[in-house]
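In: Need a 3D model of the sequence below.
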Amino acid sequence: MSYAEWIAANYPTYESAYGHCAAATEKMVAAFPELKRVAGHYYDLAIGEREHWWCVAPDGAVVD
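Out: Now for the predicted structure:
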């Protein structure tokens, strides 16, 4: 299963993923141990600065 397929199967909509990035990345790293979790922030035009978690693949690609 690819990363995109896993995300689509586990978080099929934006609403199902929103606010769950920390837990989602923990689950994704459990499914794909080669991934690394990264914590940081992003800026949302409506809300402002937000905490966020994402994964990084061995080749440096962001998996979000």
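In: which residues in the protein form helices?
Out: Using DSSP state H, the helices of the chain run over residues 3-10, 14-17, 21-31.
In: Please identify the most buried of the ones you listed.
Out: helix 21-31 (a mean of 15; mean count of other CB atoms under 10 Å). The C-beta positions use only the backbone N, C-alpha and C, and glycine is treated the same way.
In: gap between that one and the chain center?
Out: 7 Å (CA atoms, centre = their mean, to the nearest Å).
In: 31 is where my numbering starts, stick with that
Out: Done: numbering now begins at 31, and the last item shifts to helix 51-61.
In: Other residues contacting the helix or strand of the chain with the lowest mean pLDDT?
Out: Ranked by mean pLDDT, DSSP states H and E, the weakest helix or strand in the chain is helix 44-47, scoring a mean of 92. Here helix 44-47 makes contact (CB atoms under 8 Å, 6 or more residues apart in numbering) with Ile37, Tyr41, Ala54.
In: List the buried residues in stretch 62-70.
Out: Leu65 (16 or more other CB atoms under 10 Å).
In: Distance from the chain centre to it, please.
Out: Computed by CA atoms, centre = their mean, the separation of stretch 62-70 from the middle of its chain amounts to 9 Å.
In: Please apply the same query to stretch 34-49.
Out: On CA atoms, centre = their mean, the centre of stretch 34-49 falls 9 Å from that of its chain.
In: Alpha carbons of stretch 59-75, as PDB, please.
Out: Output of stretch 59-75 as PDB, limited to C-alpha atoms (Å, rounded to 0.1, in the frame of the first residue of the first chain):
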ATOM      1  CA  VAL A  59       4.700   5.800  11.300                       C
ATOM      2  CA  ALA A  60       3.400   2.500  12.900                       C
ATOM      3  CA  ALA A  61       2.300   1.400   9.400                       C
ATOM      4  CA  PHE A  62       5.400   2.700   7.600                       C
ATOM      5  CA  PRO A  63       8.400   2.600  10.000                       C
ATOM      6  CA  GLU A  64      10.600   4.300   7.500                       C
ATOM      7  CA  LEU A  65       8.800   7.500   7.900                       C
ATOM      8  CA  LYS A  66       9.800  10.200  10.500                       C
ATOM      9  CA  ARG A  67       7.300  12.400  12.300                       C
ATOM     10  CA  VAL A  68       8.000  16.200  12.200                       C
ATOM     11  CA  ALA A  69       6.300  18.800  14.400                       C
ATOM     12  CA  GLY A  70       6.000  22.400  13.300                       C
ATOM     13  CA  HIS A  71       3.600  25.200  12.500                       C
ATOM     14  CA  TYR A  72       1.800  26.600   9.500                       C
ATOM     15  CA  TYR A  73      -0.200  29.800   8.900                       C
ATOM     16  CA  ASP A  74      -3.900  29.500   8.200                       C
ATOM     17  CA  LEU A  75      -5.300  32.700   6.700                       C
END
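In: Sounds good, over and out.
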